[in-house]
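Colleague: Here is the input, now give the coordinates:
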Amino acid sequence: MNERIRKALESGAGRVAAVAILIAGIGLAYFSVRRNVGQSQASQLAADRVYICAETGKEFRHTLQRGEIQPIPSPFSGKNTGYEAESCFWTADGKIKQEPTYVLLNRYKGVAGPTFCPDCGRLVVQYNPAVYEGATPPPTKDEYTKRRGKKAAAEDKVDE
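Modeller: Modelled structure (predicted):
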């Protein structure tokens with residue numbers, strides 16, 4: 001069998017086939033190592049987040065690096081004024097929408113009281129809960145005020 005391989009490699013077509021097999025093997029090894037040793041797709045997605053500049057109110061994407069803490073540098077203000085945005089997937093009439101509205105919590109703006117989405121007017125909290133079909137939408141500002149009482153709502157200092 002070794003003799004047959006040696007004869008095949010001595011021919012021009014045999015050499016081309018050997019080089020093609022070698023290149024394919026190197027390519028497979030590269031992709032295998034890259035997939036199994038590099039950062040996973042899930043961790044890449046988790047690190048890529050939306051931030052809002054507390055000074056300008058503008059959104060920007062940022063990929064977290066190891067050891068980074070909030071606030072992060074904002075490309076708009078040039079200062080550490082970037083805070084992670086909360087995602088609101090609700091409409092004003094309590095329906096679910098596909099694309100989120102990104103909301104900066106009042107606590108990061110230095111504003112007292114709970115945060116309400118500028119798009120739908122519903123309560124937004126830190127680690128805003130996931131949205132699913134059949135879920136009860138968060139209260140609007142009016143519903144929140146009625147539920148908490150005007151005095152309690154006025155005394156709120158941070159998001160709940």
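
Colleague: Longest strand in this protein, please.
Modeller: strand 96-103 (DSSP state E).

Colleague: Buried ones in that strand, by neighbour count?
Modeller: The neighbour-count check on strand 96-103 (16 or more other CB atoms under 10 Å) flags Pro100, Thr101, Tyr102, Val103 as buried. Every residue, glycine included, has its C-beta placed from N, CA and C.

Colleague: Just list whatever residues bridge to the third one.
Modeller: Read it as Tyr102. Beta-bridge partners recorded for Tyr102 (DSSP bridges): Ser87.

Colleague: For it, give me its contacts.
Modeller: Neighbouring residues of Tyr102 by CB atoms under 8 Å, 6 or more residues apart in numbering: Val50, Ile52, Glu59, Ala85, Glu86, Ser87, Cys88.

Colleague: For those residues, give me TSV that also has distance to Tyr127, neighbour count and pLDDT.
Modeller: TSV is the format used below for those (distance: CB to CB, whole Å; neighbours: other CB atoms under 10 Å; pLDDT from 0 to 100):
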residue	distance to Tyr127	neighbour count	pLDDT
Val50	14	14	95
Ile52	16	24	97
Glu59	19	15	97
Ala85	12	21	97
Glu86	8	21	97
Ser87	10	15	96
Cys88	13	25	97
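
Colleague: Mind picking the one among the buried residues of strand 96-103 that's closest to Glu68?
Modeller: Distance to Glu68 across the buried residues of strand 96-103 (CB to CB) is lowest for Tyr102, with 18.9 Å.
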